[in-house]
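Chemist: Curious how this folds, go ahead:
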Amino acid sequence: MIGDKQIGTRIFNIINATLLTILALIMILPFIHVVGSSFATGAEIAEKRFLLFPTKFTLSAYKYIFSTDTVVKSVMVSIFVTVAGTLWSMLLSTLTAYGLSRKDLVGRRYIMFFIIFTMLFNGGIIPTFIVVQQTGLLDSLASLIIPVSINVFNMIILKTFFQNLPYGLEESAKIDGANDFGILFRIIIPCSLPAIATISLFYAVTYWNTYMHAILYLSDAAKWPVQVLLRQIVVLATGMNYDSAEYTDVPPPSQSVKMAVIVVATVPVLLVYPFLQKHFAKGALLGSIKE
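Modeler: Got it, this is the predicted structure:
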């Protein structure tokens, strides 16, 4: 019987590893195709429908994108919005989640009801635009942060995590004379780093991918985040006239420029993820069964 179980376990492990490998390849091959196409020549892109590793590398697409300092400034804008927005959103979400996780909070159920209500119903684009306009946030980077300060779903995840922490930690801190802010910042947050890291990554990705709000609220091109600027680059690259005499060199193919744009917009987030991987793996198990 023991031998049969071992054989069954090995067969399961082989099948499981095979399926996971296939799924991993399905997910990673499109990204390799994007990166490879961004370094490929126009002739090779036209010849091969699915390109992974170009035979001749060229940086023409990236030179076209970074031909001016506009992209660099736009990337800096996105970095500022991402960092400032994530810190601001995490501060508000953490304070709100901690307050709502306390069972002795007066009116806790009613407050929670009105917060969840915003997940189901909202004013829409036009009323939100009017609010942003009337508060003087138009054409400012704050318009990309303040209107989306708190994501209700993320806040509820933090609230649930805080509720699952042992209440004895708070009681011990109160006996030692700690107030609510001391308990939150010295005990609750250090014990909740997996949840904090996970929600922070969610917020950071959302702010980095800001597009629609920038289109609606920003008229100054110098304040555009990278997503908006790169969209403009893709449009210009698609409409490039290859027969025009204004080009001294052969311009990069539009498909190569599009792929390079995707790489530029994706790589910064990929560089941040390894630093949060340890906490993110734990945070992904929020709500799972604990021993």
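Chemist: can you give me the offset of the helix or strand of the chain with the lowest mean pLDDT from its chain's centre?
Modeler: Least confident helix or strand, the chain: helix 254-283 with a mean of 75, by mean pLDDT, DSSP states H and E. Distance of helix 254-283 from the chain centroid (C-alpha atoms, centre = their mean, to the nearest Å) equals 9 Å.
Chemist: What helices and strands are in contact with it?
Modeler: helix 2-38, helix 42-47, helix 60-65, helix 70-101, helix 193-208, helix 226-238 (3 or more C-beta pairs under 8 Å, 6 or more residues apart in numbering; DSSP states H and E). (Glycine included, C-beta is placed from N, CA and C.)
Chemist: Export these as TSV, with columns for mean neighbour count and distance to residue 113.
Modeler: Below are the helices and strands packed on helix 254-283 laid out as TSV (neighbours: other C-beta atoms under 10 Å; distance: least, C-beta to C-beta, whole Å):
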stretch	mean neighbour count	distance to residue 113
helix 2-38	12	39
helix 42-47	15	54
helix 60-65	20	48
helix 70-101	19	11
helix 193-208	21	22
helix 226-238	18	35
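Chemist: Residue 215 is nearest to which of the ones you listed?
Modeler: Taking C-beta to C-beta, helix 226-238 is the member of the helices and strands packed on helix 254-283 nearest to residue 215, at 6.4 Å.
Chemist: avg pLDDT for the closest one?
Modeler: Regarding helix 226-238, the rounded mean pLDDT is 78.
Chemist: Against which helices or strands is that helix packed?
Modeler: helix 60-65, helix 70-101, helix 212-217, helix 254-283.
Chemist: any chance of these in TSV, with distance to residue 54 too?
Modeler: Shown next, in TSV, are these (distance: least, C-beta to C-beta, whole Å):
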stretch	distance to residue 54
helix 60-65	11
helix 70-101	23
helix 212-217	33
helix 254-283	10
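Chemist: Roughly how far does residue 82 sit from residue 201?
Modeler: To residue 201, residue 82 is 11 Å away according to C-beta to C-beta, to the nearest Å.
Chemist: On the pLDDT front, check residue 56 for me.
Modeler: On the pLDDT scale, residue 56 gets 83.
Chemist: quick one: contacts of the host helix or strand of residue 115?
Modeler: If you go by DSSP states H and E, residue 115 is part of helix 108-120. Residues external to helix 108-120 that are found in contact with it (C-beta atoms under 8 Å, 6 or more residues apart in numbering): 96, 100, 102, 105, 152-153, 155-156.
Chemist: cool, stretch 70-87 as well?
Modeler: Defining contact as C-beta under 8 Å, 6+ apart, one finds that stretch 70-87 is touched by 65-66, 141, 144-145, 148, 200, 203-204, 207-208, 210, 222-230, 233, 264, 268.
Chemist: picking up where we left off before, let me know the closest of the contacts of helix 108-120 to residue 175.
Modeler: Of the contacts of helix 108-120, the one sitting nearest to residue 175 (C-beta to C-beta) turns out to be residue 102, at 17.3 Å.
Chemist: Give the closest residue to the closest one in space, chain neighbours not counted.
Modeler: Distances taken as C-beta to C-beta, 6 or more residues apart in numbering place residue 108 nearest to residue 102, at 7.4 Å, with adjacent residues excluded.
Chemist: what stretches of the stretch 1-150 of the chain score poorly on pLDDT?
Modeler: Applying pLDDT under 70 to the stretch 1-150 of the chain flags residues 1-5.
Chemist: Break the chain down into its structural domains.
Modeler: The chain is divided into the following domains under automatic domain parsing: 1-58, 70-283.
Chemist: Quick one: distance of the longest one to the chain centre.
Modeler: Averaging C-alpha positions (C-alpha atoms, centre = their mean) puts domain 70-283 7 Å from its chain's average.
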